[in-house]
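Chemist: with the sequence up front, the predicted model follows.
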Amino acid sequence: MIASRTLRRLVAAALIAVMAAACAASNPDTASSAVPMPGAFLDRVRPSDLGREIDAVQLVSVSRDSAAFTIEVRLSVRAQQLKFVAQDMIGQRLMTVQWNGIDVVEERSPNLPAFVIPKGLLADLVAICWPENVVRQALEASGSTLSVQNSQRIIFAGGRETMRAMRSWGPQAPWTGRLSYRNVRAGYSVDVQSVEQP
């Protein structure tokens, strides 16, 4: 009888722990972005900090464990707003994100995998592509650090790596080439083929 009660308590405690972990993992601000505290990070950056206007078409492949999918993204950056629209390979819209430097407005399709959070992808894109000094200051304000080694950007939080990214184009060059990164926090990898439009 006592052993049975103890076993029930252990099972109940284990279930509570699993549920708590699931809730933490589903919180978009804890694991969706490789950038720790993506909301606070984006509050300290503006679209205009990029220093130029961009229109690009990107083929984005996202993989996690055995799941993978590819989307086409149309990206536009202006001084007052960034917007990207993603659709699947048969033309169905999967997500739209608009960011004016203050608010992020996102729409997502039920067909978008749950582990992909549009605001998280936005924070990752900004951390990889915006000027190094802007990214470094915004990360430091949230207790994270940026390390730049050759063509790689690595973000650390609490001494642990959260992102390792690399892109083939330079700071003021056209966004044409390859960008790839590993989101260590959410456990997925992204590979991007980008072509900047004239």
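Modeler: Done, it's in. Numbering: from 1, shown residues only.

Chemist: give me the element the closest residue to Val45 other than its chain neighbours is part of.
Modeler: Closest residue in space to Val45, ignoring its immediate chain neighbours: Ala138 at 5.0 Å, by C-beta to C-beta, 6 or more residues apart in numbering. (Each C-beta comes from the backbone N, C-alpha and C, glycine too.) Taking DSSP states H and E as the definition, Ala138 sits inside helix 132-140.

Chemist: by contact count, what packs against that helix?
Modeler: helix 118-129, strand 144-149, strand 152-157 (3 or more C-beta pairs under 8 Å, 6 or more residues apart in numbering; DSSP states H and E).

Chemist: rerun at 6 Å
Modeler: strand 144-149 (3 or more C-beta pairs under 6 Å, 6 or more residues apart in numbering; DSSP states H and E).

Chemist: so what touches the strand it packs on?
Modeler: The contact list for strand 144-149 (C-beta atoms under 6 Å, 6 or more residues apart in numbering) reads Pro36, Glu132, Val135, Arg136, Leu139, Ile154, Ile155, Phe156, Ala157.

Chemist: check stretch 99-116 too.
Modeler: With C-beta under 6 Å, 6+ apart as the test, stretch 99-116 has contacts from 46-47, 64, 81-82, 94-98, 118-119, 122.

Chemist: hang on, isn't Leu179 packed against Val192?
Modeler: Yes: counting by C-beta atoms under 6 Å, Leu179 touches Val192, with 4.2 Å between them.

Chemist: nearest the middle, which residue of the chain would you pick?
Modeler: Taking C-alpha atoms, centre = their mean as the criterion, Leu121 is the residue nearest the geometric centre of the chain, at 2.9 Å.

Chemist: measure that residue to Leu139 for me?
Modeler: Leu121 sits 17 Å away from Leu139, going by C-beta to C-beta, to the nearest Å.

Chemist: now swap in Phe156 and tell me
Modeler: Distance of Phe156 to Leu139, computed by C-beta to C-beta: 9 Å.

Chemist: these two: which has the busier surroundings?
Modeler: Taking neighbours as other C-beta atoms under 10 Å, Phe156 and Leu139 compare with Leu139 leading, 24 against 15.
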